[in-house]
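In: From the sequence below, what's the structure:
(one chain, ligands or ions: 1)
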Amino acid sequence: MRAHYNHLAPFLSADDANTMLRLAEHFGSFGPYANEAENDGIGEELPQRFDAAFNYIAHGMDGSENQDDMHTAAARTNYFRETYAYGEEVRAPGVEPFMNHPALAETARKISGVERIVPAIIFANILIPGQELAVHTDVPEFRGANRKVTPQWLLVTMLHSGLFDEWRIPITTCVSWFGKSKGGAFAFYPEGTDGPREAIQSDHNSAIVIDTDRVFHGVDRVAETKPKLPPINNKTARLHFMGDDKWQLRNGDEVLGDYDWSELRYSISWKGYCFKDETEENLWRSGSDDLSIEFILNRIEDDLRAQGVLTGARPDPTAFATMMVNHYIRFPKLQAAAE
Ligand SMILES: [Fe+2]
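Out: Numbering: from 1, shown residues only. Below you'll find the model as predicted:
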């Protein structure tokens with residue numbers, strides 16, 4: 001079934017679009033997404049988004065055989081991410097009018113088909129030249145299970161399993177683009193995993209509003225303006241704003257690269273919870289129907305056993321995590337782009 005989406009171009013007023021660039025500058029510096037959160041207790045040896053990473057390593061962005069070595073693959077996909085707002089917590093002062101933009105809530109109503117839209121999260125992403133974003137679906141939320149307390153790959157697996165739909169908080173996402181970088185189109189599969197790949201150019205002050213928790217999507221390679229990608233250490237690399245449209249990538253004190261704003265792909269993701277009615281919103285707020293990690297893992301284990309995927313004892317956390325992701329997440333069949 002074709003997913004509904006809206007392509008907004010232009011998106012904001014010219015002044016408001018420039019404000020989004022200034023927010024990144026005032027934020028000051030961006031860290032690697034891979035450093036965003038730690039796993040605890042289950043699959044802690046695995047990267048937060050190993051679901052998407054393993055598929056990317058096997059098939060790349062387009063299914064071509066010609067893959068980078070692991071080192072380059074890691075640098076290509078280890079982009080930069082900061083959280084501007086998460087619920088009541090505002091980390092980028094000045095983002096509030098955007099968070100509560102009436103047009104965003106209105107478009108989310110259209111896409112989700114429900115009335116009660118509660119702005120939830122704003123992320124800012126920066127990709128440097130040569131980076132791309134592996135095909136994935138976004139991290140969903142369920143009552144009692146969100147990225148603050150649950151591994152991201154597990155939340156994604158929960159959605160694709162369909163076993164937790166009654167606890168799910170549907171989210172509509174607006175991905176918007178600001179700046180002058182080349183390449184870096186938003187690639188997506190609006191007709192589902194068996195449908196064709198489509199792409200939208202990430203032009204300045206344009207946006208797409210879509211259910212990114214269900215629709216697979218990724219980012220094509222940002223135009224390469226340097227001979228090679230620098231190594232990006234998860235823990236110590238940061239991209240710093242230097243003033244005067246300049247950014248600098250540093251690993252501690254070591255300078256890895258200098259970039260002009262016009263070389264960087266900058267996107268903002270706005271996410272809104274989509275509640276059917278007040279009762280559903282209150283159920284989420286009260287925390288009275290929250291999932292626990294034990295319940296989640298037991299339900300998945302029962303389902304894997306019922307399907308004959310798992311027999312014998314539950315495997316160790318890493319093997320169990322890998323089994324879940326492999327069984328429930330079906331990626332689009334990537335086809336090598338025609339020459
Ligand atoms: Fe995404």
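In: roughly how far apart are residue 236 and residue 25?
Out: 22 Å (CB to CB, to the nearest Å). Every C-beta, even on glycine, is put in place using the N, C-alpha and C of the backbone.
In: Now do the end-to-end distance for stretch 157-176.
Out: Start-to-end span of stretch 157-176 (CA to CA, to the nearest Å) is 26 Å.
In: What residues of it count as buried?
Out: 157-161, 163-164, 167-176 (16 or more other CB atoms under 10 Å).
In: what's the answer for stretch 7-24, then?
Out: Counting neighbours by 16+ other CB under 10 Å, stretch 7-24 gives 8, 11-12, 17, 19-20, 23-24 as buried.
In: looking at the protein, which helix or strand is least sure?
Out: Within the chain, judged by mean pLDDT, DSSP states H and E, the helix or strand with the poorest mean is helix 50-59; its value is a mean of 72.
In: Could you list the buried residues of the next helix or strand after it?
Out: Later in the chain than helix 50-59, the nearest helix or strand by DSSP states H and E is helix 70-77. By neighbour count on 16+ other CB under 10 Å, the buried set for helix 70-77 is 73-77.
In: Which member of these is positioned nearest the ion?
Out: residue 77 (12.1 Å; CB to the ion).
In: if I look at residue 147, how far off is residue 87?
Out: Plainly put, residue 147 is 12 Å away from residue 87 if you go by CB to CB.
In: okay, those two: which has more neighbours?
Out: Neighbours were counted for residue 147 and for residue 87 using other CB atoms under 10 Å; residue 147 has more, 18 against 12.
In: Is that one in contact with residue 139, as I believe?
Out: Yes: because the distance of 5.2 Å satisfies CB atoms under 8 Å, residue 147 is recorded as touching residue 139.
In: Give me the pLDDT for the most centrally placed residue in the chain.
Out: Computing the C-alpha centroid of the chain and ranking residues by CA atoms, centre = their mean puts residue 138 first, at 4.6 Å. Per-residue confidence (pLDDT) for residue 138: 94.
In: Please name the nearest non-neighbouring residue to it.
Out: In space, residue 138 comes closest to residue 212 once its chain neighbours are excluded; the distance is 4.3 Å by CB to CB, 6 or more residues apart in numbering.
In: Could you do residue 179 as well?
Out: residue 266 (4.6 Å).
In: mind checking the SS state of the one you found?
Out: Three-state assignment for residue 266 (DSSP: H, G, I helix; E, B strand; the rest coil): strand.
In: my guess is it contacts residue 21, does it?
Out: Yes: the pair residue 266 / residue 21 is scored as a contact, 7.0 Å apart, by CB under 8 Å.
In: what touches both of the two?
Out: 178-179 (CB atoms under 8 Å, 6 or more residues apart in numbering).
In: where along this protein do the helices fall?
Out: For the chain, the helices defined by DSSP state H occupy 14-27, 50-59, 70-77, 96-99, 102-112, 152-161, 278-286, 293-306, 317-328.
In: and the ion, which of those helices is closest to it?
Out: Smallest distance to the ion across these (CB to the ion): 9.0 Å, for helix 50-59.
In: The closest one vs helix 70-77, what angle?
Out: 120 degrees (axes from the mean of the first three to the mean of the last three CA atoms, to 10 degrees).
In: residues in contact with residue 328?
Out: With contact taken as CB under 8 Å, 6+ apart, residue 328 is in contact with 157, 160-161.
In: re earlier: hmm, the residue nearest to residue 138 is touching residue 139, no?
Out: No: if you go by CB under 8 Å, residue 212 and residue 139 don't touch, sitting 9.5 Å apart.
In: Mind listing residues that contact stretch 78-88?
Out: Residues outside stretch 78-88 that contact it (CB under 8 Å, 6+ apart): 23, 27, 30-34, 36, 90-92, 95-96, 99, 119-128, 131, 133, 232, 234, 237, 239, 268.
In: follow-up on the earlier one: in strands only, show me the buried residues of stretch 157-176.
Out: Among those, DSSP state E puts 168-169, 171-176 in strands.
In: for whichever residue of the stretch 201-339 of the chain sits closest to the ion, what are its contacts?
Out: At 5.0 Å from the ion, residue 212 is the closest residue in the stretch 201-339 of the chain, using CB to the ion. Residue 212 makes contacts with 137-138, 171, 173, 175, 269, as judged by CB under 8 Å, 6+ apart.
In: Thanks a lot, catch you later.
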